[in-house]
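Trainee: Below: sequence and its predicted model.
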Amino acid sequence: MHFIDAKSLLTRYNGMNLYRGCAHGCVYCDSRSACYQFTHPFEDIEVKRNAPELLEEILKKKRQRIVISTGSMSDPYQPCERELKLTRRCLELFDKYGFGASVITKSDLVLRDIDLFDSINRRTTLSSRTYARPRGGTRC
Ligand code: SF4
């Protein structure tokens, strides 16, 4: 695991990856593909330690409440998330500013944040979705 200060966070389709790389080790994972231009081993998780601060600045400026997704490239519930809580802090911001969340994960650590998904769903008219796909499914 190593840490970076990211310069940007959201993709143009409103996706975000708080971590780059993944420890889950799915054999069918295509996120390791060269087209994603990893400059470090895939299992050496890159942590965007300033992600919550970046996200808050972005959310404050958005005029329209939208659904922001995470998990399409790297799982937001890496084992290190248990201590780092970057995903949890970002969910707290979605809740605070009234944004929806779409989360794809293979980890049951997502259950830790069920209180936030519940609150996000109650506070916004947008839908919040959580997918916990079983091993053997498509990549997260
Ligand atoms: S959880 Fe997703 S990103 Fe991680 S190894 Fe599996 S398919 Fe790849």
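Mentor: Done, it's in. Predicted model, so just to flag it, every value in this text is computed and none were measured.

Trainee: Just the buried residues of the helix or strand harbouring residue 114, please?
Mentor: Per DSSP states H and E, residue 114 falls inside helix 114-123. Neighbour-count burial for helix 114-123 flags 116, 117, 119, 120, 121, 123 (criterion: 16 or more other Cβ atoms under 10 Å). Quick note: C-beta positions are derived from backbone N, CA and C, even for glycine.

Trainee: Could you look up the SS state of the nearest residue to the third one once chain neighbours are set aside?
Mentor: Leaving out its chain neighbours, the residue that sits closest to residue 119 by Cβ to Cβ, 6 or more residues apart in numbering is residue 95, at 5.0 Å. Using DSSP: H, G, I helix; E, B strand; the rest coil, the secondary structure recorded for residue 95 is helix.

Trainee: Neighbours of residue 95, how many?
Mentor: Using other Cβ atoms under 10 Å, residue 95 is surrounded by 21 other residues.

Trainee: That one: what's it in contact with?
Mentor: Residues in contact with residue 95 (Cβ atoms under 8 Å, 6 or more residues apart in numbering) are 116, 119, 120, 123.

Trainee: now residue 4
Mentor: By Cβ under 8 Å, 6+ apart, the contact set of residue 4 is 46, 47, 48, 49.

Trainee: thought the third one was touching residue 6?
Mentor: What that stands for is residue 48. Yes - assessed by Cβ atoms under 8 Å, residue 48 is found in contact with residue 6 at 4.1 Å.

Trainee: Comparing the two, which residue is more hemmed in?
Mentor: Shown here are residue 48 and residue 6; by other Cβ under 10 Å, residue 48 has more neighbours (21 against 17).

Trainee: picking up where we left off before, which one of the buried residues of helix 114-123 is nearest the ligand?
Mentor: Comparing the buried residues of helix 114-123 against the ligand with Cβ to the nearest ligand atom places residue 117 closest, at 19.0 Å.

Trainee: All the strands of the chain, in order from the start?
Mentor: 2-4, 15-16, 19-20, 46-48, 67-70, 100-105, 129-132 (DSSP state E).
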